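Visitor: got a sequence here, can you build the structure:
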Amino acid sequence: MKRIRSAQQLARASVAGLVLVVLAAPAAAVDLKTPDGAWTFSIDGNVNVDYIFSSCQSSTSAVAVAGGLTCVGTASGSSVSNIGNGLLPAAFTFAVSTTQDGIDLSAHLGLYPGIATNDGGSPNLQTGNGPTNTALGTTGLDIRQVYMTFGNKDMGTFTLGRNIGLFGADVILNDMTLPGVGAPGSAATPFPSNTTLGGIGFGYIYTDWLGQIDYTTPDMSGFNLTVGLFDPLNSLSDAAATAPKKAPGLHAKAAYTIPIADGTKLYLSAALLTQQQNFDTSATTSYSYTGTGFDIFAKLDVQDLELIGYYYHADGLGTTALFNLGAFGLGQTRTSYGFLGQATYKIGQLKLGVNYGESKLDTANAADAAANPALVADNKKFTAGLYYSLTKNLTLLAEYSNVKSDAHVGGSNSANTVNVGAFLGF
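Guide: Numbering: from 1, shown residues only. Okay, here's the model as predicted:
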């Protein structure tokens, strides 16, 4: 994987496509059974398209913000138009399931095509050096999920394969911009990738899709615990030669659902992860550091009102994506933290929503501050959205987002984005 060298490349690298079951109906859109009824084959998915217009920071007034997520105009102007996917790419997810000897078995595959023209290999890691979004091109396909599960309500469930992570999962899965756009990310550049940023980097670190082996306990009066190992990720931003990892990453999540009254419930969760990075600076010298993080999530549903609060704190994980800008020098870690608040209210078929989030990154020490004065201090975003259910499966939407990026040395960039679109889930 090529290292990310700029905020625009980071925006393209940190895009999300998420499990569609959280958006669509609880049951799969299509269920097919074998003649003997032993196996069930199911299909879910979505197609979403938005017109995205961004008014970026003027190039004449912009300041340098390393790791900033605010778009900056060019000599030709500061307005950018794009038609593309939002925070989610399109998706077609497939599953097969059965029960044998009292154990539930399943296997899953998720295919995530976009509509942006990008021929540079991974549609989310465009370098900007080759021709993208040109005539005679094609879109890219992400294969983000391939995993199996086995277990039952008494023994719990094991999950093995590539699936969504635990740290930061609840906040992005409940982000109201999930079917929309939020922050435009690469949609405000000449090289759009399959998806936008939504709220990634503006209140939470991207949970990502990770190779993992997990165990989730049975439900215990609304409480369950998941613990597991995940494939250790390389750093996106360290310049030294990456060495093989000595141990897997560890992650865990506890979740508790509390029924309060008819139509009222409280959901709480907390997640953590830890992983070591290893680097060889020469044939005889090396260094390492450990990235750790924890988060707390709360969601209160009261009839048609939903309130969400989220906070994370990390050391060595960096900002926006896991292990991006997390360390300085030979493994001197930076602290990062952030929060997101959201309120939505349904009036018939219309949902109104607002959210606000900030992601902050501290310098490691005085030497880091002196060497990297333009390092991003924080990325902030406010979004207001309208989501109208024209039918059970079709949602029309409109959003306005304001984003701002501040540098440690002072100065900031800001931009505004408006998008309108449609989301068809099945």
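
Visitor: contacts and neighbour counts: CA atoms only from here.
Guide: OK.

Visitor: and Gly102, how many neighbours?
Guide: Residues near Gly102, counting by other C-alpha atoms under 10 Å, number 9.

Visitor: might you report the residue contacts of it?
Guide: Asn152 (C-alpha atoms under 8 Å, 6 or more residues apart in numbering).

Visitor: for it, report the pLDDT, please.
Guide: Gly102 is assigned 96 on the pLDDT scale.

Visitor: go on, Met1?
Guide: Met1 is assigned 33 on the pLDDT scale.

Visitor: also the one 3 residues further on?
Guide: What the model reports as pLDDT for Ile4 is 36.

Visitor: hey, which helix or strand in this structure has the poorest pLDDT?
Guide: helix 7-13 (a mean of 41; mean pLDDT, DSSP states H and E).

Visitor: can I get the following helix or strand past that one in PDB, CA atoms only?
Guide: With elements assigned by DSSP states H and E, the helix or strand that comes after helix 7-13 is strand 30-33. Taking C-alpha atoms only, strand 30-33 is exported to PDB below (Å, rounded to 0.1, in the frame of the first residue of the first chain):
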ATOM      1  CA  VAL A  30     -34.300 -11.700  -1.200                       C
ATOM      2  CA  ASP A  31     -34.300 -15.100   0.600                       C
ATOM      3  CA  LEU A  32     -33.900 -18.300  -1.400                       C
ATOM      4  CA  LYS A  33     -34.000 -21.800   0.200                       C
END
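
Visitor: show me the contact partners of strand 30-33.
Guide: Contacting residues not belonging to strand 30-33 are listed as 39-44 [C-alpha under 8 Å, 6+ apart].

Visitor: do that again at 10 Å, thanks
Guide: Outside strand 30-33, the residues that touch it by C-alpha atoms under 10 Å, 6 or more residues apart in numbering are 39-44, 94-98, 426.

Visitor: which two in those residues are spaced the farthest apart?
Guide: Thr98 and Phe426 (22.1 Å; C-alpha to C-alpha).

Visitor: compare those two and say which is more crowded by neighbours.
Guide: More neighbours surround Phe426 than the other of Thr98 and Phe426, with 22 against 17 (other C-alpha under 10 Å).

Visitor: what's the pLDDT at the more buried one?
Guide: Reported pLDDT for Phe426: 91.

Visitor: cool, and Thr127?
Guide: We have a pLDDT of 56 for Thr127.

Visitor: cool, and the one 10 residues further on?
Guide: Per-residue confidence at Gly137 stands at 80 (pLDDT).

Visitor: quick one: contacts for the residue nearest to it when sequence neighbours are not counted?
Guide: Of all residues not flanking Gly137 in the chain, Thr117 sits nearest, at 5.8 Å (C-alpha to C-alpha, 6 or more residues apart in numbering). Thr117 is in contact with 84, 123, 131-140, 191-194, counting by C-alpha under 10 Å, 6+ apart.

Visitor: how about 7 Å then?
Guide: 132-134, 137-139 (C-alpha atoms under 7 Å, 6 or more residues apart in numbering).

Visitor: and Pro232, by the same measure?
Guide: 245, 248-249, 275.

Visitor: let's see it at 10 Å
Guide: Contacts for Pro232 (C-alpha under 10 Å, 6+ apart) come out as 210-212, 244-250, 274-277.

Visitor: next step: those restricted to strands.
Guide: Taking DSSP state E, the ones among the contacts of Pro232 that sit in strands are 210-212, 249-250, 274-277.

Visitor: out of those, the closest to Ala398 would be?
Guide: Among the ones in strands among the contacts of Pro232, and counting by C-alpha to C-alpha, the member closest to Ala398 is Leu210, at 31.5 Å.
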